[in-house]
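> just to be clear, the model below is a prediction. Sequence and coordinates:
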Amino acid sequence: MNTSEALRHFWPQLGLCPAQLEGGLLISRSPIDGCTMARVAATPLAQLDEKLSRSSAAFRRWRQVPAPQRGELVRRFGQLLRRHKAELGHIVSLEVGKITSEGLGEVQEMIDIADFAVGLSRQLHGLTIASERADHRMMEQWHPLGPVGVITAFNFPVAVWAWNAALALVCGNPVLWKPSEKAPLCALAVQGLWERCCAEFDADHPAVRGEPPMTQDLCQLLLGGGEFGAALAADPRVALISATGSTRMGRSVAQVVAQRLGRCLLELGGNNAVVVGQTADLDLAVRGIVFGAVGTAGQRCTTTRRLLVHESQHDALLQRLLKAYASLRVGDPRENGVLMGPLIDEAAYTAMDQALQRARGEGGEVVFGGERLSLPGPAQGGVYVRPAIVTMPRQSAIVCEETFAPILYVMRWRTIDEALELNNAVPQGLSSAIFTRDLIEAETFLSASGSDCGIANVNLGTSGAEIGGAFGGDKDTGGGRESGSDAWRQYMRRATNTINRGRTLPLAQGVSFEL
Ligand code: NAD
């Protein structure tokens, strides 16, 4: 089945209308075979103002709904996702080229964060704090913040929205979603499921007479280019902008939001290293490295891009990697046994090819892959490459850049200090990992003077985080933390309250002010 036919097979199974796929200006092309799958309607930019006003109105209603009841809506959405995991997972694969199990894994992440958010809806707690004044009590409350603008990248076309939306909604905020223009169908499919969930919820929770339904305009979609993201960033009605994408985009968003002293949460590029120590279990390391470097065709923010190997392990590890890479099947990501699908588009291949040329110019040797593959059958229309391994004499300029493609740069080190210096000497700070059986080395890597990344792992790779932890990184990665732990606080505003139950008015710091 070509991708366009496959789309038309899964779309109605999600309860969606096939007419949505025709007649619009926004083209969805599958990277699997290059087929134009759909032409969907773009949102007119002129509608943005009205959508923002609707979002502000939805906020005024939704913040009054008790948080556990807000959680109930998210719980139902999680249930609906469970029922449609397969169809939605297939649409992710069709539109961005993920292998089937990764497409399904992305939907599983949506389900997981929904579950997490449901629990959280009963745990949005502040502190009580001892007051220095007699008969006084201090406490913190966390209140809903306002409309949240969510800008997402092509490579996680549904999960990143869910990380943000599930938390934003239980925290009492509506969401305006600007998905990647490369993945409009994923966004339309999610929005369709969301609207179905809302209709069922509203039927069970009738609105007060004269009031709109409780869920009206809670999640709206803006289908179009970067101009929607820029407009959201500039508008003071958007209380928080959560932007996922390239560092270039994040820098621009951050500047616009800073102009209005707004709040942003940035999840930007990574340039993640795996450090392999002298005592590493190489079987484990090879599995972790290959999944990290080649999974999602090297198009994850957490993709392993640099391999820093103790000199004693360098040759043995390289031999094993070459063997593993040679056995990897690249092809139509829907086929059993294929572990690497296509690059997203021609531009991604050009960037990869240029990076490899620069690496050669900087003294590197491409010891495996890098070439474009011409596959038989429908995959002929897609952009498929052999993943590349490049040995580098040093961490040169190209190695310090994030090229969003499956290139693994390999470098050597002698001392753990040298390895840490290399790990930290790039502008990005997202994910990192060490393979070692040496406790001191592992603990050093995790210590304050160790890896400077938001994610630091021991004996597993850089990719594939769980939703329970806070996700994100510092430096050029933007500093944001999404998903688990206490990331929810960014979607709320904090109020510190002091309450006097006495009959006098003592002032803090012993200040005297007698009238
Ligand atoms: P991109 O920056 O090209 O686009 C991301 C989104 O930003 C799109 O929706 C796009 O329309 C929008 N956009 C573009 N210009 C904008 C502007 N000036 N203002 C506001 N919005 C604008 O990124 P991409 O190619 O879709 O995705 C790949 C990048 O995303 C990589 O750098 C990757 O590391 C990063 N990424 C980071 C994370 C993370 O959690 N840290 C997750 C996924 C992807």
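Perfect, thanks for sending it.
> hey, let's count contacts and neighbours off CA atoms from now on
OK.
> check which helix or strand covers the residue most central in space within the chain.
Centroid-nearest residue in the chain: V160, 4.3 Å away (criterion: Cα atoms, centre = their mean). Element membership of V160 [criterion: DSSP states H and E] is helix 159-170.
> what helices or strands is that helix leaning on?
Contacts defined by 3 or more Cα pairs under 8 Å, 6 or more residues apart in numbering; DSSP states H and E place helix 159-170 against helix 67-83, helix 100-120, strand 148-151, strand 175-178, strand 482-483.
> relative to P213, which of these is closest?
Nearest to P213 among the helices and strands packed on helix 159-170 is helix 67-83; the distance by Cα to Cα comes to 13.0 Å.
> quick one: buried residues of stretch 325-341?
325, 328-334, 339-341 (16 or more other Cα atoms under 10 Å).
> separation between the residue nearest to the centre of the chain and G381?
28 Å (Cα to Cα, to the nearest Å).
> turn the helices and strands packed on helix 159-170 into JSON lines, columns for mean pLDDT, mean neighbour count and distance to the ligand.
Formatted as JSON lines, the helices and strands packed on helix 159-170 follow (pLDDT from 0 to 100; neighbours: other Cα atoms under 10 Å; distance: least, Cα to the nearest ligand atom, whole Å):
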{"stretch": "helix 67-83", "mean pLDDT": "98", "mean neighbour count": "20", "distance to the ligand": "21"}
{"stretch": "helix 100-120", "mean pLDDT": "98", "mean neighbour count": "22", "distance to the ligand": "12"}
{"stretch": "strand 148-151", "mean pLDDT": "98", "mean neighbour count": "28", "distance to the ligand": "5"}
{"stretch": "strand 175-178", "mean pLDDT": "98", "mean neighbour count": "26", "distance to the ligand": "6"}
{"stretch": "strand 482-483", "mean pLDDT": "97", "mean neighbour count": "24", "distance to the ligand": "8"}
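> need the ones you listed in JSON lines (columns: distance to G270).
As requested, those are exported to JSON lines (distance: least, Cα to Cα, whole Å):
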{"stretch": "helix 67-83", "distance to G270": "29"}
{"stretch": "helix 100-120", "distance to G270": "19"}
{"stretch": "strand 148-151", "distance to G270": "17"}
{"stretch": "strand 175-178", "distance to G270": "21"}
{"stretch": "strand 482-483", "distance to G270": "15"}
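> the nearest residue to V253 once chain neighbours are set aside: which element?
Counting by Cα to Cα, 6 or more residues apart in numbering, A233 is the residue found nearest to V253 once chain neighbours are left out, at 6.0 Å. If you go by DSSP H and E, A233 is part of helix 226-234.
> quick one on the thing from earlier: in CSV, list the C-alpha atoms belonging to the helix holding V160.
What follows is helix 159-170, C-alpha atoms only, in CSV (Å, rounded to 0.1, in the frame of the first residue of the first chain):
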residue,chain,number,x,y,z
ALA,A,159,4.4,13.4,22.1
VAL,A,160,5.8,16.9,22.7
TRP,A,161,2.3,18.4,22.4
ALA,A,162,1.1,15.9,24.9
TRP,A,163,3.9,16.6,27.4
ASN,A,164,2.8,20.2,27.4
ALA,A,165,-0.9,19.9,26.9
ALA,A,166,-1.5,17.2,29.6
LEU,A,167,0.3,19.3,32.2
ALA,A,168,-1.1,22.7,31.0
LEU,A,169,-4.6,21.4,31.1
VAL,A,170,-4.5,19.9,34.7
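> can you tell me what sits against that helix?
67-68, 70-71, 74, 106-107, 109-110, 113-114, 117-118, 120-121, 148, 150, 152, 174-175, 177, 218, 242, 244, 482-483, 488, 491 (Cα atoms under 8 Å, 6 or more residues apart in numbering).
> circling back to that earlier point, any idea which of the buried residues of stretch 325-341 is closest to the ligand?
G341 (16.4 Å; Cα to the nearest ligand atom).
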